[in-house]
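*Asks:* Below is the structure, and that's it, no one-letter string:
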């Protein structure tokens, strides 16, 4: 059984999946020409595009940021690139019920029932989150059209709490294997070695941090537990793949609709269970009504309606 943590009673609205809205958690892979947002709402830099295949194709460079951080793992066991397939069936949703749950931090929204008209609302209970502390993980859907109205998938993610807050809220250290940090010596040579310019090298400045060259979403997140009050939920179209940054807390893939979705999943792994994947079970706290819930509003056709962020409410995915 995975370790558990108490969770508040909170309801999360659904956002549109775009690179700008998802940037702290990872990257979104899609053809920029198929973006669901108008050009005026784009905040991410334009990707670099070059001609390829004797002029018959466009090559879009650096669409995601895979990273292998297993050098930080306690076992020091090297990892290899792996590609797996997940066949994800549609999730069971429960009928909407009024609740005293607090609203999400992402959007101080008015969830008045009169606003829904002929639209339907169902609820998805988030009961477990996982992370891959030393690797990015890319999910690529297969066979799902970007114009599909009856089947979509949700991407549910959370920031990482500071380790001190994690210990305070659970009474135990976070479930994250951190490498031992060797203490620096205090000899005269050690003290002078840390000076700049160094008397032992030609360096005039300290070298850049180990992870400064990585995309911010791919850098280590630290050992903390998920920040549930800032959990977010995005709906993805069939022509979008997603990369979770290393250590990003996320729910297992959530398919909404009528049929399964096949995902090709690319990541690194070294075969050490606690280093490849860590899970935490979300258990409603004492006197908590329902725990963490994503509100899934949909049109009569089944298409999910965006309720928060850019393109909210009126967006037609």
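*Replies:* Cool, the structure landed. Computed from a prediction, not measured in an experiment: that's the story for all the values here. Numbering: from 1, shown residues only.
*Asks:* residue ranges of the helices in the stretch 51-200 of the chain, please?
*Replies:* Per DSSP state H, counting those that start in this stretch, the stretch 51-200 of the chain carries helices over the ranges 163-170, 188-193.
*Asks:* burial of the nearest residue to residue 224 once chain neighbours are set aside, as a residue count?
*Replies:* Distance criterion Cβ to Cβ, 6 or more residues apart in numbering; nearest residue to residue 224, sequence neighbours excluded, is residue 161 at 3.9 Å. For every residue, glycine as well, the C-beta is placed using N, CA and C. Counted with other Cβ atoms under 10 Å, the neighbours of residue 161 add up to 24.
*Asks:* Check residue 147 too.
*Replies:* Around residue 147 there are 10 residues (other Cβ under 10 Å).
*Asks:* for residue 71, same thing?
*Replies:* 11.
*Asks:* For this structure, which residues score under the pLDDT cut-off?
*Replies:* 35-45, 103-119, 165-211, 311-317 (pLDDT under 70).
*Asks:* Try it again at 50.
*Replies:* Filtered on pLDDT under 50, the chain yields the residue ranges 107-114, 116, 173, 177-181, 199-200, 314-317.
*Asks:* Please give me every residue in contact with the residue nearest to residue 224.
*Replies:* 169, 224-227 (Cβ atoms under 8 Å, 6 or more residues apart in numbering).
*Asks:* just curious, which of these is nearest to residue 256?
*Replies:* residue 226 (21.5 Å; Cβ to Cβ).
*Asks:* what bridges to that closest one?
*Replies:* Going by DSSP bridges, residue 226 is paired in beta bridges with residue 160.
*Asks:* what's the answer for the one 10 residues further on, then?
*Replies:* On DSSP bridges, the residues paired with residue 236 through beta bridges are residue 153.
*Asks:* State the number of residues packed around it.
*Replies:* Neighbour tally, residue 236, other Cβ under 10 Å: 26.
*Asks:* Ok, residue 11 next?
*Replies:* Residue 11: 18 surrounding residues under other Cβ under 10 Å.
*Asks:* how much space between it and residue 228?
*Replies:* 12 Å (Cβ to Cβ, to the nearest Å).
*Asks:* so residue 87 touches residue 262, yeah?
*Replies:* Yes. Residue 87 is within contact range of residue 262, at 5.4 Å (criterion: Cβ atoms under 8 Å).
*Asks:* Compare these two (neighbour count), which wins?
*Replies:* residue 262 (13 against 10).
*Asks:* From what I see, the more buried one and residue 139 are in contact.
*Replies:* No. Look at residue 262 against residue 139 with Cβ under 8 Å: they stay out of range, at 10.5 Å.
*Asks:* I'm done for today, thanks for sticking with me.
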